[in-house]
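Asks: Build me a model:
(chains A and B, ligands or ions: 2)
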Protein chains: 2
Amino acid sequence: MTEPLFDRLCLIGAGLIGGSIARRNREGHALAREVIVTANSQATRDRVRELGFADRVEDDIAAAVRDADCVILCVPVGVYAQVMAKIAPHLKPGAILTDVGSTKGSVIRDLTPLLPAGVHLVPAHPMAGTEYSGPDSGFPTLFEGRYVIVTPTEGTDPAAVEKVRELWRRCGSMIESMDPVTHDKVVAIVSHLPHLIAFTICGTADDLSEETRESVLKFAASGFRDFTRIAGSDVNMWRDVFLNNREAVLEMLARFTEDAQAFGRAIRWGEAGFIEDRIKRGRKIRHSLIERKQA
Amino acid sequence: MTEPLFDRLCLIGAGLIGGSIARRNREGHALAREVIVTANSQATRDRVRELGFADRVEDDIAAAVRDADCVILCVPVGVYAQVMAKIAPHLKPGAILTDVGSTKGSVIRDLTPLLPAGVHLVPAHPMAGTEYSGPDSGFPTLFEGRYVIVTPTEGTDPAAVEKVRELWRRCGSMIESMDPVTHDKVVAIVSHLPHLIAFTICGTADDLSEETRESVLKFAASGFRDFTRIAGSDVNMWRDVFLNNREAVLEMLARFTEDAQAFGRAIRWGEAGFIEDRIKRGRKIRHSLIERKQA
Ligand SMILES: NC(=O)c1ccc[n+]([C@@H]2O[C@H](COP(=O)([O-])OP(=O)(O)OC[C@H]3O[C@@H](n4cnc5c(N)ncnc54)[C@H](OP(=O)(O)O)[C@@H]3O)[C@@H](O)[C@H]2O)c1
Ligand SMILES: NC(=O)c1ccc[n+]([C@@H]2O[C@H](COP(=O)([O-])OP(=O)(O)OC[C@H]3O[C@@H](n4cnc5c(N)ncnc54)[C@H](OP(=O)(O)O)[C@@H]3O)[C@@H](O)[C@H]2O)c1
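Replies: Ligands and ions are numbered 1, 2, ... in the order given. Next up is the predicted model:
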C-alpha cells in the first residue's frame, strides 16, 4: 500500500472540485490519512456528512484547518480574501496552503498579504470540470488525464511544490508549471472568453423578437447547442472568474472583437479571400488539436 | 413495398448532403426509381461511380437534369446562379426544382429569374450536417430526427410542396414551413454566427505570441475544444453561406458584439449583478433546450 501523502488534508469548499478530491482519497489513492472538509452553509456540510466522502466535517473553519498539513481552497476565487482572513491565524507552521482556483494572479494577490511565516503557498489550477456544481457533483476520476497547472511564486520551498505535484499525480493528472501571468492569459483565451461568448450569445438570442426566439429554440443547430453546453455552468464561480481575471479577459475580448469586426467587414464588402483565410486558420488549429489528441 | 416518390431524381452535387440523399434511396426508402448524380469535377464523379450510390452518374449537367421529375441542388449556395444558367433550358416542364442550401433568401434571388414556366421551385434546408464534406462523407441516416425547413414562395403549386415534404419525411426528418426572411435570421443566430465566432477565435488564438499559442494548444480546455469542433467545417460552403446571408449575419453579429461589449464593460467596472444576470440567462436558455430534448 502506498503511504498517504499527508497526515491531515483539509478541503475548504465541498463542491465539484473539493468533492472530487475527497472522493479520490476515499477510492484508495492515498492523498491523506484523514480528509477534513468544511463548506459555507450548514446545508452543504450536512449533505457532505450524508454522502460520507469526508473523514470529518467541521462546522468551524478554524477548527478545520488547525492541525492540517495541507489546506486546499476549493471555493470561488472571489471569497479567497475573506476565507484567508479566517484561516490565516490557525494555519499550522510548516503547512502547505494550495488551491484549485481558475485564476492565479488574483489568488496570489489575495493570499500572500496574510500568509503566516513558515506556511508554504503553492497555487494550482486543475484544468478539469463539468457544468455541474455542489456536493453531489464530484467524482473520483474527474482529474484523470487532465492537466494541472502549478504556479509557484519565487522562493517557494521546492519540497512543498513537489508535494502538491504528487497530490495531483495521485489524482491521475499531468502537471505543468507556469508563471501566473501566462496562466491567466492562456485560460482567458481557452476557457474564460469562450464562456463569456457562450453566455452572451444566449442573451442575444433571448432578446430577439418573440417569434424568432421560438424558432431559435426549436432549430438550435449543433453550433448553438455546443455554446449552450458551456453556458450551463455555475453563476458564482463564473462571476468570480471574470472579475478576478479582468485584465486578461478584457485583453482577449478586445482582440477577439477586432477580429470578429474584421470578419464582419469582409462579409459586408464581399471579400471572399479574407473569409476563406479565416476559415482555413480555424481548420488548421482544429487539426493541431486532433494531432495532440485534445479534440 | 412503398411506391417510389419520383421516377427520376437528379442530384446536382455529390457531397455530404447529396451523397446522403442518394444513399438514403439505396437503402430502400423509395425516394425515386432512378437517382442520377452529377458533380463539378471528374474526380468526384468518378468517385461516385466507384462508391456506387447513384444509379447513373452524368458528366454532362444538361443530360443529368433532362428527364428528371425532381432536381435537387446540393452545391454551395454561391454557385446557384451559374448552375441555374446551365440547367434552366433543360428542365422538364412540370418538374420540381428544390435545394438544400443553408440560406434561402439568396437562393430565391438566384433561381427565380431563370425559372422556366411550369417548373415548380420549392426551396428547402435540412438542418443536419457534420464537419465533413465530399462524396465519401454522406450516410443514409444523416437526416433522421432532424428538422427540414421548407420556404415555398407564394403561389407555388401545393402538390409540388407536398412532394418535397414527403421526400424529407422518407429521409426521416420533421418538416417545418417558414418564410425565407425568418429562416435566414434564425439560421444566422443558431448556426452562422456561432461558426463565424468559432472561426474567429481560432484566428485570435493563432495570433498570440509564440509562447502563449503553444500553451493554448496544450491546455485547450473543453470551452475552446467545442469551438474548434465547429471550426472544422468546409471552406467553400461556409464562405458562400456568409456571403449569401450577409444582412442577417451582420445584424446578428452587431447585436452580439454590443452584448459582448456590455459584458466586457461590466467586467471592467466590477458590476457583479450584470454579470450574474448574463450567466443566469445562459442557463435559462440551456434549460429550455434540455426540456425540448435538443441539448
Ligand atoms: N467547476 C469547474 O469547472 C472548475 C474547474 C477548475 C477549477 N475550478 C475552481 O474550483 C473552485 C471551486 O469550484 P467548484 O466548481 O468546486 O464550485 P462549487 O461546486 O460551487 O463549490 C464551491 C464550494 O465552496 C464553498 N464556499 C463558498 N464560499 C465559501 C466560504 N466563504 N467559505 C467556505 N466555503 C465556501 C461552497 O459552500 P456552500 O455549498 O455551502 O456554498 C461550496 O462547497 C473555484 O475557484 C473554481 O474557479 C472550477
Ligand atoms: N454540410 C452541412 O453541414 C450542411 C448542412 C445543411 C445544408 N448544407 C448545404 O448543402 C449544400 C451542399 O453542402 P455539402 O456539405 O454537401 O458540400 P460538399 O460536401 O462540399 O459537396 C458539394 C458538392 O457540390 C458540387 N459542386 C460544387 N460546385 C459545383 C458546380 N458549379 N456544378 C456542379 N456541382 C458543383 C461539388 O462537386 P466537386 O466535389 O466536384 O467539387 C460537390 O459534389 C450547400 O449549399 C450547403 O450550404 C450543408
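Asks: quick one: low-confidence parts of chain A?
Replies: A:221-223, A:228, A:231-232, A:293-295 (pLDDT under 70).
Asks: What parts of it come near ligand 1?
Replies: Proximity of chain A to ligand 1, by CB under 6 Å from any ligand atom, involves residues A:12-18, A:39-41, A:44, A:74-77, A:79, A:82-83, A:100-102, A:126, A:129, A:133-134, A:234, A:237, A:241. Every C-beta, even on glycine, is put in place using the N, C-alpha and C of the backbone.
Asks: Narrow those residues to just the buried residues.
Replies: Buried members of these, scored by 16 or more other CB atoms under 10 Å in any protein chain shown, are A:12-18, A:39-40, A:44, A:74-77, A:79, A:83, A:100-102, A:126, A:129, A:133, A:234, A:237, A:241.
Asks: What about chain B: which of those residues touch it?
Replies: residue A:129 (CB under 8 Å from any CB of the partner chain).
Asks: Within the helices and strands, which one has whatever residue of the stretch 51-200 of chain A ends up closest to chain B?
Replies: Going by CB to the nearest CB, chain B is nearest to residue A:194 of the stretch 51-200 of chain A, at 3.5 Å. Assessed by DSSP states H and E, residue A:194 sits inside helix A:193-206.
Asks: tilt between that helix and helix B:193-206?
Replies: Calculated by axes from the mean of the first three to the mean of the last three CA atoms, to 10 degrees, helix A:193-206 forms an angle of 160 degrees with helix B:193-206.
Asks: what's the following helix or strand after helix A:193-206?
Replies: Per DSSP H and E, the first helix or strand lying C-terminal to helix A:193-206 is helix A:210-219.
Asks: now that next one: how far from the chain's centre is it?
Replies: 33 Å (CA atoms, centre = their mean, to the nearest Å).
Asks: near chain B at all, it?
Replies: Yes - Helix A:210-219 is in contact with chain B by CB under 8 Å from any CB, via A:211-212, A:215-219.
Asks: Could you single out the nearest of these to ligand 2?
Replies: residue A:219 (11.7 Å; CB to the nearest ligand atom).
Asks: Hmm, residue B:147 and that closest one touching each other?
Replies: Yes - shown here, residue A:219 and residue B:147 form a contact pair, counting by CB atoms under 8 Å, at 5.8 Å.
Asks: Neighbour count: the two, which is higher?
Replies: The residue with more neighbours, out of residue A:219 and residue B:147, is residue A:219; 22 against 18, by other CB atoms under 10 Å in any protein chain shown.
Asks: Just the element for the residue nearest the centre of chain A, please.
Replies: The residue lying closest to the centre of chain A (CA atoms, centre = their mean) is residue A:102, at 3.6 Å. Under the criterion DSSP H and E, no helix or strand holds residue A:102.
Asks: List phi and psi for it.
Replies: phi -80, psi -10 (degrees, to the nearest 10).
Asks: In contact with it, which residues?
Replies: Going by CB atoms under 8 Å, 6 or more residues apart in numbering or on different chains, residue A:102 touches A:77, A:125, A:187, A:191-192, A:237, A:241, A:245.
Asks: Try it again at 6 Å.
Replies: The contact partners of residue A:102, by CB atoms under 6 Å, 6 or more residues apart in numbering or on different chains, come to residue A:241.
Asks: cool, the one 3 residues further on as well?
Replies: Residues in contact with residue A:105, defined by CB under 6 Å, 6+ apart, are A:180, A:184.
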